[in-house]
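Peer 1: Any chance you could fold what I've pasted below:
(3 chains)
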Amino acid sequence: MSISRRTFLQSGAAIAAAGAISSPAFAADEIKVASIHDLSGGLDIYGKPMVDALTLAVEEANAAGGLLGRQIKLISYDPQSNMQLYTQFAQQAALKDKVAVVHGGITSASREVIRPVLDRFKTLYFYNTQYEGGVCDRDQFDTGVTPAQTVEKLVPYAMKKWGKKVYVIAADYNYGQITSQWVKKYALENGGEVASIDFFPLDVTNFGSTISKIQAAKPDFVWSALVGGAHISFYRQWAAAGMRKTIPMASTTFAVGNEHIVLSPEECNGMLICHNYFQDLKNPVNQAFVASFHKRFGADYPNITELAMGTYQGFRLWAEGVKKAGSIDRMKVIEALETGISIDAPSGKVTIDPPTHHCILDVHIAEVNNKKLNVLEDFPQQKPADTAAVCNLIKNPNDNQQYVIKI
Amino acid sequence: MNGRSLNLLGLAVVAVVGLTFMFLTPRVVDLDTVLELTIYMIMAILALSLALVWGYGGILCFGQSAFFGLGAYTYAIAMFNMGESTLPVLVAIILPAAFAALLGYFMFYGRISDVYLGVITLTVTLILFNSVNSTAGPEFHIGAARLGGFNGIPGIPPLNWPFNKKAAIDLEAMFYLSTGSLLLTYFGLRLLLASQFGHIIVGIRENERRAELLGYDPRVYKLATFTIGGALAGFAGCLFANWGAFVSPTIFGLAQSAQIIIWVIVGGRGTLIGPVIGCIGIQWLSALLGANQPSGSDLWSKIFANAPLILGVILIAFVLLVPKGLVPTAADIAAFFLRRRRREQRGFEPQQAE
Amino acid sequence: MDLVVLLAIQVLYAVASLALISVGLAIIFGMMRVINLAHGEFLMLGGYAAIVATSHGISIWVSMLVVAPIVVGVIGIVVERTIIRFLYGRMIDTMLATWGLSLFLVGLTTAIFGNTTVGISAPLGSFEIGAYRTSAYTLFVIGIAVVVLGAIFAGLRWTRVGLIARGTMQNANMAAALGVNPPRVYAITFGIGAALSGLAGAVLAPVSGVFPTIGVAYIAKAFITVIGGGAAILSGTVSASALFGTINQIATFVTTPVFGEVALLGAAIILIRLLPQGITGRFFRRGL
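Peer 2: Numbering: from 1, shown residues only, chains lettered A, B, ... in the order given. The predicted structure is shown next:
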């Protein structure tokens, strides 16, 4: 027995040591960028387009000569929708690979897991997903839209079009909780009323009784802040009950996971959404971008999502920061970005807002129509007013938390 | 060399290698590897808890993650409310143990056995998952700690030296604590299993009716085993909350529960070192498969960068080729060669009984 | 009044869908004591089979009711011949093997289909009950469940195949002595169990959608229903589904879907505590 134990303890130690010694050999002067996005597990519908966009951005930069004369290497991690792996990979990116920047995190949960790790090990972090707002951290830049940028525009538009009584259904985690509060605020501000706010954990697929409740409440429209693959079944069941034509719907989360392609036109036509980016935006930068994206990933790519564009824009902003700072040193890049760097992105002009480290973006309202998103109205250069109300990193550079914005 | 001294030699080897590993590693490897090894040590304690409960106690607990998660959440909530870590650690061990005792009483005194035990324990952990998962609203808080629902509780303050609020332990000390705890747990369990208690629970596992007829009440012994397992899992949970500074409801989920069972099966039920190795091996493999994804969409990279697919194939191959688990199979192989050599040494004399 | 009718339909639907997703697992576990942790993935594959068939122009009814069961049944037989057949009598090892299989199937479908898959929408439209509209498809699901359970009952009770199956289940050695080939019976049974799972997944695809990880949502509930039902395949599944489905739906109706889930799980614990051998350990003992 002792022989086998000894053998296996030795090989156990050897396995651990091999893990330590086996760091891949990089070319000495490459700039390393880490991507931590889910490519498997429940959240891969969001993660895959984000990594594709980041890959394209890195390849474009390398083709143009790299950054500061150095080639960029993208290290891609798949945490498999597992929080423990998010922590491990953030540690690995910061300590072993010593990357210049991490682009990653999809849900707010995953962001709040890696943010303290990257803070502790002094690695720059770009969070490129739309979220509930309020993160105030000098080490982090957020390029996704927040409720004050999209919800504030869509609620009055929907109320003007359909009526004043809204029924809110939201995913039961802090993004859904906080966004639904913003919907309530803007609805009340515009003279409307909220019939009810119902929350559903991310794995719920049975919405039968909810649909009955909504029918009983007779709202003018339904606001959906549902997220993820399981929640798509709400739209199916809603249409199957014949409700699509009876009560209209608005959402700022729909289409982020390509729901408009997964569902049939009968299941979601007429829905109003508000995002920063749509693949059909008609400006020259976007047309060139879509052409090169399709060339790289195939013309039959389902849809370039808002999160993918957020990631692309996040990388471009970081690259501009590095160019302006002349170095990949974290503090120098942060200071360069804090001068209010701006890029001409496929979604329009994107500018970093120095006090909040969030972005000033164009937003557009669109309607779902036969698997396409038709832009109805544009709102240029929306400021991240919700985060600005609680966060000022110029005055308090050591601030480091996520504020829950009081409404 | 008889069996007893072989056993003692084995324990000495584990002690020496373990202590060497513990003190040498932070000096030799980089910080990232130390952090990675820390979580492996913590999960190994969790694996040992199920190794005791299932491997030696014969209780198919499909919900060991319930105690793990309770320990983590209890530590987090207590830490936010108290600010100093000695009491939270104790509570994080006692509360899961108490819950295990309650659940164990419910199950064993109801004479529930094998597959049905699995279902009840699975159901319990799923209830915890569903309940905690829906606590995202601001009204769900225990004292100063918001439960946070799906988002969990981030930013958990780390452990500090006992009764000294200001002196938080650093990452290296965390490694020592985890590895030291693992070694203590291993030797503690070895002692426990060598005692009369250990022999009785193995006897109950082998044939409950016979043990009962011999005068031992299996319900009491199973309850005790289950409670100890719950306490160990809770302690592992407390350390886990420390390592990642977060806890989220997925800790109660089916995937986490199944993982623990897989570690024990891969390592070898009925051994202690087996589940430790199985746990570390599979964790390391999952991390390896998830890291360094190639950036292509061709079928080749889709298959080889596909963590679930590779892991699945490995597990299936494992079951078919190494059915008893790593350590028992290794022991068999070693015994085979040992027997061969003894036979050669002694010519054609009849062999002694193993 | 219309609310009562609506609730009754919803309860029946909950019972029917629970029965559909569990019956495949019940047959496999009841016959061969194999814990098939890849059961959710068989359901998922049934959904994908239906979607692929429909997108190639086959009528949705044919793809759900014919193509999906056949495809998943074949997959089931392949799995049985290559993996499960070596593991009979080793319940714990079947757990590990089928867990690996479930990971493999999830990875494979993600690789083949990617993460954005067009679904199929529920046919049959909707109808009104007083002030409420509800989907007519729920009635179809209820009908299918009744037909499937009836077919299994008829098959087990009145056909030769069913007789052989029951005999092998009760005493494999005796059946072998009487000229039956147990390994072939096991293979066919596993195939039929898989086919039924595929059918359930296809039928539920227009309602819950299909994506690679949807299996997780089904496996726990199916497992709990099958074990709670006890040793008899049919009466166990029916009685457990009826009990749990009703409790789940009524709790959901009164409160929220989450509490409905918790109520189902709580009911399962209480049931097993009171009836440690499942429902058919005590009641309906001589049933199928």
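
Peer 1: low-scoring pLDDT stretches of the chain, where are they?
Peer 2: Using chain A here. A:1-28, A:42, A:407 (pLDDT under 70).

Peer 1: could you do chain C instead?
Peer 2: In chain C the weaker segments, taking pLDDT under 70 as the threshold, are C:115-117, C:285-288.

Peer 1: mind listing the helices for the stretch 151-300 of chain B?
Peer 2: B:171-194, B:196-206, B:208-213, B:218-244, B:254-267, B:273-290, B:299-304 (DSSP state H, counting those that start in this stretch).

Peer 1: With distance to B:Leu128 added, can I get those in JSON lines?
Peer 2: In this view, the C-beta of every residue, glycine as well, is placed from N, C-alpha and C. Below are the helices of the stretch 151-300 of chain B laid out as JSON lines (distance: least, CB to CB, whole Å):
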{"stretch": "helix B:171-194", "distance to B:Leu128": "24"}
{"stretch": "helix B:196-206", "distance to B:Leu128": "26"}
{"stretch": "helix B:208-213", "distance to B:Leu128": "28"}
{"stretch": "helix B:218-244", "distance to B:Leu128": "12"}
{"stretch": "helix B:254-267", "distance to B:Leu128": "11"}
{"stretch": "helix B:273-290", "distance to B:Leu128": "22"}
{"stretch": "helix B:299-304", "distance to B:Leu128": "36"}
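
Peer 1: Just put these in CSV and tack on mean neighbour count, distance to chain C and mean pLDDT.
Peer 2: Listed next are the helices of the stretch 151-300 of chain B as CSV, based on neighbours: other CB atoms under 10 Å in any protein chain shown; distance: least, CB to the nearest CB, whole Å; pLDDT from 0 to 100:
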stretch, mean neighbour count, distance to chain C, mean pLDDT
helix B:171-194, 17, 20, 92
helix B:196-206, 17, 13, 93
helix B:208-213, 13, 14, 91
helix B:218-244, 25, 13, 94
helix B:254-267, 24, 5, 88
helix B:273-290, 23, 10, 90
helix B:299-304, 14, 4, 66
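
Peer 1: how about the residues of the stretch 51-200 of chain C near chain B?
Peer 2: C:83, C:86-87, C:90-93, C:95-97, C:99-108, C:110-111 (CB under 8 Å from any CB of the partner chain).

Peer 1: give me that answer again for 6 Å
Peer 2: Selection of the stretch 51-200 of chain C residues close to chain B by CB under 6 Å from any CB of the partner chain yields C:Asp93, C:Leu96, C:Ala97, C:Trp99, C:Gly100, C:Leu103, C:Phe104, C:Val106, C:Gly107, C:Leu108, C:Ala111.

Peer 1: just the stretch 101-250 of chain A next, same as before
Peer 2: A:Ser108, A:Ala109, A:Glu112, A:Val113, A:Pro116, A:Asp172, A:Tyr173, A:Asn174, A:Gln177, A:Pro201.

Peer 1: wouldn't the third one be in contact with B:Pro154 here?
Peer 2: Right, the one you point to is A:Glu112. Yes. Using CB atoms under 6 Å, A:Glu112 is in contact with B:Pro154, at 4.1 Å.
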